[in-house]
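Q: would you be able to build a 3D model of this:
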Amino acid sequence: MLMLQRIFTMLTTLSELIRFITGFFKCRTALQLEVLALRHQLNVLQRKSPKRPTLKVWDRLFWVWLMRLWPAWRNALVIVKPSAVVKWHRKGFRLYWRWKSRKKRPGRPPVPKELRDLIRQMSRENPLWGTPRIHGELLMLGYDVGQTTVGKYMVRPEKPPSQTWRTFLENHSNQIVAMDFFTVPTIFFKVLHVLILIDHERRRIIHFNVTTNPTSAWVIQQIREAFPWDTTPRFLLHDRDQLFMASQFAFKRMGIETVITAPGSPWQNAIAERVIGTLRRDCFDHVIVFNEAHLRQKLGEYVAYYHGSRTHLGLSKDCPVHRDIQPKEAGSVVAFPVLGGLHHRYERVAA
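A: Model prediction:
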């Protein structure tokens, strides 16, 4: 052990002696840089620090500068690792390049909020429109904006673009028939089920029937009776009632394409829901039904009144079956009771 310590001491002394001798052959500039590096490190070590020497920004800049100026800078570095100096140099280069790459001139003028909101509104209201279509529309409105700017502020749908329910129903109103069930209790609390089929174009009740025990076979038979031969509609709109869902294959064989509403979304079959509400408010909220035959009779009376006399907001105050306007010269107004006087039909009758 003692021998090893002596050998280590001799090697240390020899290395110091070699460094001292080679110092005579160094150029004066290298010696001055080495002295500068050592003095800088001594100043850092003399600072008051609780744990370890702290290097400030100027210390790091000094070593980065020394690394670029003196190739043998690693030999004089003691308090930090050379890799740390290289890291400082790279960080400094990134900061320098960021500063050099800064915008020297202002870029494009900012897009006004009004225009940004209009682009988003157009893209939401017209899901089938692309960037060129919206850009062309904005040009027609007098906005000087680039197509890339329009694409930047468009609202991107998560799913493929699809028309709204309202657009679909309006575009196919003359080819859509809505179908739905509603119930009416009798005087003895027996529940009767009513199936109605409504034409979307004129709000006509094409077919209705009553049963105490509805089945899918009964539903299919009602469709056959409502649309004999080649009079079937293109679309049949209904909810997810299990009787309707069980009849899909039969509907398909008839050449009918079913449109099924989303779960818990009665507003998607709004016309059928509205007609059922009208039947309740105008008739069955005021009538006590005795049996199935009585219900069918009252339904027939009201449907006749509904088609030929009752005006509709959705038809510009016309009736499902067009009702001519009677001039004043046609005679005096006479009231005809409907449903025992629950409603009345008014016509001009010549004296």
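Q: surely I119 meets G151?
A: No: between I119 and G151 there is no contact under C-beta atoms under 8 Å: 9.1 Å. Glycine gets a C-beta too; all of them are placed from N, C-alpha and C.
Q: which one of these two is surrounded by more residues?
A: Each of I119 and G151 has its neighbours counted (other C-beta atoms under 10 Å); I119 has more, 25 against 16.
Q: look up the closest residue to the more buried one, ignoring the ones flanking it.
A: The spatial neighbour of I119 that comes closest, neighbours along the chain excluded (C-beta to C-beta, 6 or more residues apart in numbering), is Y153 at 4.4 Å.
Q: give me phi/psi at the one you found?
A: phi -100, psi 0 (degrees, to the nearest 10).
Q: N209 too?
A: The phi/psi pair for N209 (degrees, to the nearest 10) reads phi -160, psi 160.
Q: surely it touches V194?
A: Yes: judged on C-beta under 8 Å, N209 makes contact with V194 at a distance of 7.5 Å.
Q: one step back: roughly how far apart are the residue nearest to I119 and G146?
A: 11 Å (C-beta to C-beta, to the nearest Å).
Q: show me where this protein has its helices.
A: Secondary structure of the chain by DSSP state H: the helices cover 2-25, 28-46, 57-69, 73-76, 82-100, 113-125, 131-140, 147-153, 165-171, 216-226, 242-245, 248-253, 270-279, 292-308.
Q: averaging pLDDT over each of the ones you listed, which comes out lowest?
A: Mean pLDDT per stretch puts helix 2-25 lowest among the helices of the chain, at a mean of 54.
Q: neighbour count for Y153 and G146, which is higher?
A: Per other C-beta under 10 Å, whichever of Y153 and G146 has more neighbours is Y153, with 16 against 11.
Q: residues contacting the more buried one?
A: Y153 makes contact with 111, 116, 119-120 under the criterion C-beta atoms under 8 Å, 6 or more residues apart in numbering.
Q: isn't T232 right up against I256?
A: Yes: using C-beta under 8 Å as the test, T232 is close enough to I256 to be in contact (5.4 Å).
Q: what do those two both touch?
A: Counting by C-beta under 8 Å, 6+ apart, the residues touching both T232 and I256 are I223.
Q: between those two, which has more neighbouring residues?
A: A side-by-side neighbour count of T232 and I256, using other C-beta under 10 Å, places I256 first with 19 against 16.
Q: map the structural domains onto the sequence of this structure.
A: 26-99, 113-153, 167-322 (automatic domain parsing).
Q: for those domains, which one sits closest to E347?
A: Between E347 and the domains of the chain, the shortest gap by C-beta to C-beta is with domain 167-322, which sits at 9.0 Å.
Q: first vs last residue of that closest one, how far apart are they?
A: 25 Å (C-alpha to C-alpha, to the nearest Å).
Q: list the contacts of V333.
A: Contact analysis of V333 by C-beta under 8 Å, 6+ apart lists 346-348.
Q: among the domains of the chain, which is nearest S332?
A: That would be domain 167-322 among these, by C-beta to C-beta, at 17.9 Å.
Q: quick one on the thing from earlier: just send the contacts of V333 back as a markdown table, with pLDDT too.
A: As requested, the contacts of V333 are exported to a markdown table (pLDDT from 0 to 100):
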| residue | pLDDT |
| --- | --- |
| Y346 | 84 |
| E347 | 86 |
| R348 | 83 |
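Q: among those residues, find me the one that's closest to Y96.
A: Nearest to Y96 among the contacts of V333 is Y346, at 90.5 Å by C-beta to C-beta.
Q: that closest one pairs with what?
A: For Y346, the beta-bridge partners are A335 (DSSP bridges).
Q: burial check on E257, number of neighbours?
A: Around E257 there are 12 residues (other C-beta under 10 Å).
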